[in-house]
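Undergrad: Compute the structure for the input listed below.
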Amino acid sequence: MFAVRAARLPVRFSACIGPTTFLRRFSDQKYEYIVTSTPRPGVGQITLNRPKALNALCSPLMTELNAALRAFDRDESKSIGAVVLTGSDRAFAAGADIKEMKDLEFSSAYGRDFIKAWSELTEITLPIIAAVNGYALGGGCELAMMADIMYCGPKAVFGQPEIKLGVIPGAGGSQRLTRAIGKSKAMEIILTGKNFTAEEAEKWGLASKVFESPEACVNGALDTAEVIASYGRLAVKAGKEVVNQAYETGLAEGVKYERRIFHGLFASKDQKIGMTAFANKQKPEWSHE
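TA: Numbering: from 1, shown residues only. Below is the predicted model of the structure:
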């Protein structure tokens, strides 16, 4: 977590959205720190929008982000099948807001479990694709790593510079970075505070792909999200669930878990629709049931 500006209170909004008017009402939501849209069929987009602070993360911003993600995730009409999370060309998120936390005492930070809510993104069942351009430092790097897929623009810059402030990553940076790139590289990055490039992120397996421009990065994320959204929601949800299980458990337990989820999908309508369509050389019309 590493950043620059002071937090302001967000405007009030409601995250309770009915299924029949979801897309219209969601696009009408007024946020102070994010912008939401539905740029492709089945795809939601959330753009961090704190330009003067290089999208530095603060608690009001994270409250808005969590609310927007939950609204997409809980849409009963299932009109959204994947979400793209991005920032600006200059910064995905330059870090966390230091002015918000610099005067915190241990009893307050520990007592109210400060920044725990910043990890609520990992509870969203829809696939989330991070399109990272510019700076993704500290909390911004942690936020990008919470996404399910990470795409980078050519000038994306990552890092966990908390050591320079006398602290360590607090929103999962040390844990996710170590699992993604290994102990030695993670230790070097966290203990030195050095940044690393988009090319290194791809080479080390942290990012899926590097694009030639910021626009191509966002469009690539939208393309992938649109493909994912074209499939049955239950199978996509299950696919995300079993990959996360592999990330968090041992092989034998993970394989057993995968098999049980695979078995469970034979109780879904979409399994019958998908396999029947394949056998008949037809395009499936998913019911999302």
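
Undergrad: all contacts plus neighbour counts: C-alpha atoms, from now on.
TA: Will do.

Undergrad: For T178, which residues are in contact?
TA: 185-187 (C-alpha atoms under 8 Å, 6 or more residues apart in numbering).

Undergrad: repeat that with 7 Å
TA: Residues near T178 by C-alpha atoms under 7 Å, 6 or more residues apart in numbering: A186.

Undergrad: is it fair to say it lies in a strand?
TA: No. If the criterion is DSSP: H, G, I helix; E, B strand; the rest coil, then T178 is helix and not within a strand.

Undergrad: Would you mind stating the distance between it and A229?
TA: 30 Å (C-alpha to C-alpha, to the nearest Å).

Undergrad: next one: G42
TA: For G42, the distance to A229 equals 5 Å [C-alpha to C-alpha].

Undergrad: Looking at these two, which has the bigger crowd around it?
TA: Between G42 and A229, counting by other C-alpha atoms under 10 Å, A229 is the more crowded of the two (24 against 20).

Undergrad: Run through the stretch 1-150 of the chain and note the low-pLDDT ranges.
TA: For the stretch 1-150 of the chain, the stretches flagged by pLDDT under 70 are 1-29.

Undergrad: Would you state the strands of it in chain order?
TA: Along the stretch 1-150 of the chain, counting by DSSP state E, counting those that start in this stretch, strands occupy 34-40, 43-48, 82-86, 91-93, 128-132, 135-137, 149-152.

Undergrad: Generate CSV for the ones you listed, with distance to F106 and mean neighbour count as supplementary columns.
TA: Below are these laid out as CSV (distance: least, C-alpha to C-alpha, whole Å; neighbours: other C-alpha atoms under 10 Å):
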stretch, distance to F106, mean neighbour count
strand 34-40, 30, 17
strand 43-48, 29, 24
strand 82-86, 32, 27
strand 91-93, 26, 31
strand 128-132, 32, 30
strand 135-137, 24, 29
strand 149-152, 33, 26
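
Undergrad: Domain-wise, how is this protein divided?
TA: Following the TED database, one gets these domains for the chain: 34-230, 233-280.

Undergrad: Does I168 touch G159 like I think?
TA: No. The pair I168 / G159 is not scored as a contact, 11.9 Å apart, by C-alpha atoms under 7 Å.

Undergrad: which residues touch R40?
TA: Counting by C-alpha under 7 Å, 6+ apart, R40 makes contact with E226.

Undergrad: run the last query once more with 10 Å
TA: Contacts for R40 (C-alpha atoms under 10 Å, 6 or more residues apart in numbering) come out as 80, 222-223, 225-226, 229.

Undergrad: Make CSV from those residues and add secondary structure to it.
TA: Below are the contacts of R40 laid out as CSV (three-state DSSP):
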residue, secondary structure
I80, coil
L222, helix
D223, helix
A225, helix
E226, helix
A229, helix
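
Undergrad: For those residues, which two are the farthest from each other?
TA: The largest separation in the contacts of R40, counting by C-alpha to C-alpha, is between I80 and D223 at 14.1 Å.

Undergrad: Compare neighbour counts for those two and give me the winner.
TA: Between I80 and D223, counting by other C-alpha under 10 Å, I80 is the more crowded of the two (26 against 15).

Undergrad: Run through the residues that contact L121.
TA: Taking C-alpha under 10 Å, 6+ apart, we find L121 in contact with 62, 65-67, 69-70, 128, 143, 146-147.

Undergrad: That one and L143: what is the separation?
TA: Remark: distance between L121 and L143 (C-alpha to C-alpha) = 8 Å.

Undergrad: quick one: which of the strands of the stretch 1-150 of the chain is nearest L251?
TA: strand 149-152 (21.5 Å).

Undergrad: before we move on, back to that, taking the domains of the chain together, which one is wrapped up most tightly?
TA: Most buried of these, by mean neighbour count (mean count of other C-alpha atoms under 10 Å): domain 34-230, with a mean of 20.

Undergrad: about what we covered before: in a markdown table, list the domains of the chain along with distance to H288.
TA: Output for these, formatted as a markdown table (distance: least, C-alpha to C-alpha, whole Å):
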| stretch | distance to H288 |
| --- | --- |
| domain 34-230 | 8 |
| domain 233-280 | 5 |
